[in-house]
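Novice: below are the sequence and a predicted model for it; my questions follow.
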Amino acid sequence: MENSYKLLKKIQSDFIGLDTQYKRADGKKTRRIYLDSTASTLMLKTAYNAIEKFYRHYSNTHSLLHFSAKIATQNYHWAHQRILSFVNADAKNYACFFTGSGATAGINRLARVFRDFQPNRDVAIVSLMEHHSNDLPHRKHAGKVVHIPLDEHNGQPGCINIEILKENLEKYKERVNYIAVTGVSNVTGIINPIYEIAELAHKYGALILVDAAQMVAHMPIQISGHKNPQRNLDALVFSGHKTYVPGSPGVVICRKDILSLMEPEEVGGGMVDQVHVDRYTISEKFPDREEAGTPNIPGTIGLAAALEVLGTIGMDHIYEDETKLINYTLNHIQQIDKVVIYGEADNRRCPRAASVSFNIRGLDHGLVAAILNDYHNIAVRNECFCAHPYVKEMITEELLSSGIDIKNIDINDELKIKAGMVRASFGIYNTIEDVNALIVALKDIVARGSEYEQQYHLNQDVEYCHKSFHPDISEQFSIENFVSDYLTNL
């Protein structure tokens, strides 16, 4: 325990970009405070160094004929095995493979796999809090999609409503193909009881797919090996770019007996045993059959290196440490006048990980995010975070009280300046000092909101822009300038 804590504290400063500085609207140059980890995390130096070291030996996989090919193939294979062990998935029964575009490609693949695996079942159940990536693929491929509302906590939503989930499982029974649910909300950080949901799904012969994009980097996961096997997960997907390795691929972990009955979506080199003019034979080996073409070998190795670090620290210790940070954030932000936190804010009643979303009454979310960046150098995200139904549900009453009937208006039109919120999200590199800076900034914005508002205007894209502060981003960094300078100095 003590050694894990010491290692965690050392690793917290082992990230690229923690010392990045920008000049603010008030002329001061300060360190950026990065609170946008739910969108993408910063790069773990250990993973970066592992990739850089690997590049000295880089070669394609699928061959053992020369030294570099042996090294690439061996380490690429290790990456798959390390990921399976990290999420406690039995390698005999589960396969791990990589996909492009984060978790999105993997969820689309599984939506088609589950549809074809149980073709007589035409209902997919998802929660209301899902990211579009774990909602739209099911709408497109699954047939009928049923959205389950959330627990009610004094006017604020919690996790998925288990009782209503049970009612719908009983209502549709053998029609239910699978339940797709996020492990941790990308908006509020609220945690869903995925193992209890798995047990309910399996009771009705349904499958469970967990979107773990916001979960893997923040808390322990156990896909298989439960005392009650009904609590095992059928499939889980996550994103490397949210797990401290920007540029790494998405990850799919799924039961082999499901995948082996489905023809791979992508065909090409590496996933076949034999190819003839009139036919071809698909490999029975995993992950080969699901990974046609040349994979993102460096990104995969970097991701596995990052998970090796997290696993060495212990995800239970990381979760415990981040829980303290979340509780500290919630307790202090709640005390700021005019700040509204979304979702149940009592972590004892409704556990959270990584994220806190809020608004300041009387100020648009885009304006608050702009002020936090321009005057306090705090990087946050705003709008609806690719979770429109969830955000819309939480802000409807607030907007109705101001005379706006959001139920009858498209959330993506000019109303977007009102329909949204601000999200501060954390990684293991964030500290109490970062949260204190956010608290100071929010108090400042509450006190000087009208003064700040006079410094901004809405541009043609309906975004808040400072009237006089126009930093030249290319001076901060430009690929074109970097390459030009590099070539000049060769």
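Specialist: Sure thing, it's come through. Residues are numbered from 1 along each chain as shown.
Novice: who's in contact with Gly189?
Specialist: Shown in contact with Gly189 (Cβ atoms under 8 Å, 6 or more residues apart in numbering): Thr38, Gln214, Ile326, Gly343, Arg352, Ala353, Ala354, Ser355, Val356, Ser425. For glycine as for every other residue, the C-beta is placed from the backbone atoms N, C-alpha and C.
Novice: could you report the neighbour count for the residue nearest to Lys173 when sequence neighbours are not counted?
Specialist: With sequence-adjacent residues excluded and distances taken as Cβ to Cβ, 6 or more residues apart in numbering, Lys173 is closest to Tyr204, at 6.1 Å. Using other Cβ atoms under 10 Å, the number of residues around Tyr204 comes to 17.
Novice: surely Tyr204 and Asn177 touch.
Specialist: No: the criterion here is Cβ atoms under 8 Å, and Tyr204 misses it with Asn177 at 10.2 Å.
Novice: next structured bit after the helix or strand bottoming out on mean pLDDT in the chain?
Specialist: Least confident helix or strand of the chain, by mean pLDDT, DSSP states H and E, is helix 388-400 with a mean of 77. Downstream of helix 388-400, the first helix or strand assigned by DSSP states H and E is strand 421-425.
Novice: against which helices or strands is that next one packed?
Specialist: strand 355-360, helix 365-376, strand 381-383, helix 388-400 (3 or more Cβ pairs under 8 Å, 6 or more residues apart in numbering; DSSP states H and E).
Novice: how's this protein carved up into domains?
Specialist: Domain ranges of the chain: 2-43+314-476, 48-312, per automatic domain parsing.
Novice: so which of these is the most surrounded?
Specialist: Highest mean neighbour count among these (mean count of other Cβ atoms under 10 Å): domain 48-312, with a mean of 20.
Novice: residues contacting Glu152?
Specialist: Gly158, Asn161.
Novice: cool, and Leu367?
Specialist: Tyr452, Glu453, Tyr456, Tyr464.
Novice: the domains of the chain: which one's closest to Ser484?
Specialist: Of all the domains of the chain, the one in closest proximity to Ser484, counting by Cβ to Cβ, is domain 2-43+314-476 (11.6 Å).
Novice: roughly how far is the closest one from the heart of the chain?
Specialist: 16 Å (Cα atoms, centre = their mean, to the nearest Å).
Novice: again, but for stretch 474-488
Specialist: On the basis of Cα atoms, centre = their mean, stretch 474-488 is displaced by 31 Å from the centre of the chain it belongs to.
Novice: ok, and what's touching it?
Specialist: Residues outside stretch 474-488 that contact it (Cβ under 8 Å, 6+ apart): Tyr22.
Novice: before we move on, what about stretch 225-238?
Specialist: Contacts of stretch 225-238 (Cβ under 8 Å, 6+ apart): 87-90, 103, 106-107, 110, 114, 178, 194-196, 198-199, 202-203, 207-213, 215-216, 221, 223-224, 250-255, 258.
Novice: likewise for stretch 4-18?
Specialist: 31-32, 34, 42-46, 48, 244, 309, 312-314, 317-318, 321, 427-429, 431.
Novice: what ranges in the chain fall below the confidence cut-off?
Specialist: Along the chain, segments meeting pLDDT under 70 span 1-2, 397-416.
Novice: for Ala437, which non-adjacent residue is closest in space?
Specialist: Ile33 (5.3 Å).
Novice: how much space separates the one you found from Glu322?
Specialist: 16 Å (Cβ to Cβ, to the nearest Å).
Novice: same check, this time on Pro287
Specialist: 31 Å.
Novice: what of Ile333?
Specialist: 16 Å.
Novice: contacts only, for Thr312.
Specialist: Shown in contact with Thr312 (Cβ under 8 Å, 6+ apart): Leu7.
Novice: what's it sitting at in phi/psi?
Specialist: Dihedral pair for Thr312: phi -70, psi -40, per degrees, to the nearest 10.
Novice: that one and Leu372, how far apart?
Specialist: Going from Thr312 to Leu372 by Cβ to Cβ gives 34 Å.
Novice: and for Thr281?
Specialist: According to Cβ to Cβ, Thr281 and Leu372 sit 57 Å apart.
Novice: could I get the domains of the chain in CSV, plus columns for distance to Asn489?
Specialist: Formatted as CSV, these follow (distance: least, Cβ to Cβ, whole Å):
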stretch, distance to Asn489
domain 2-43+314-476, 18
domain 48-312, 20
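Novice: of the ones you listed, which approaches Leu490 most closely?
Specialist: Comparing the domains of the chain against Leu490 with Cβ to Cβ, the closest turns out to be domain 48-312 (19.2 Å).
Novice: gap between the two ends of that closest one?
Specialist: Start-to-end span of domain 48-312 (Cα to Cα, to the nearest Å) is 17 Å.
Novice: equivalent analysis for stretch 469-489, please.
Specialist: 33 Å.
Novice: what are the ranges of the strands in the stretch 51-200 of the chain?
Specialist: Along the stretch 51-200 of the chain, the segments classed as strands by DSSP state E, counting those that start in this stretch run 94-99, 123-127, 144-148, 150-153, 156-160, 176-182.
Novice: relative to strand 156-160, how tilted is the last one?
Specialist: Orientation check (axes from the mean of the first three to the mean of the last three Cα atoms, to 10 degrees): strand 176-182 against strand 156-160 gives 130 degrees.
Novice: numbering from 30 from now on, please.
Specialist: Yes, from this point I'll number from 30; that puts the last item at strand 205-211.
Novice: neighbouring strands - and their directions - for strand 205-211?
Specialist: Strand 205-211 pairs in its sheet with strand 152-156 (parallel), strand 236-240 (parallel), by DSSP bridges.
Novice: buried residues in the helix or strand Tyr515 falls within?
Specialist: Using DSSP H and E, Tyr515 falls within helix 508-517. Buried residues in helix 508-517, counting neighbours by 16 or more other Cβ atoms under 10 Å, are absent.
Novice: how much space between Leu236 and Tyr273?
Specialist: Leu236 is 29 Å from Tyr273, by Cβ to Cβ.
Novice: swap in Arg308?
Specialist: Note on Arg308: its distance to Tyr273, by Cβ to Cβ, is 44 Å.
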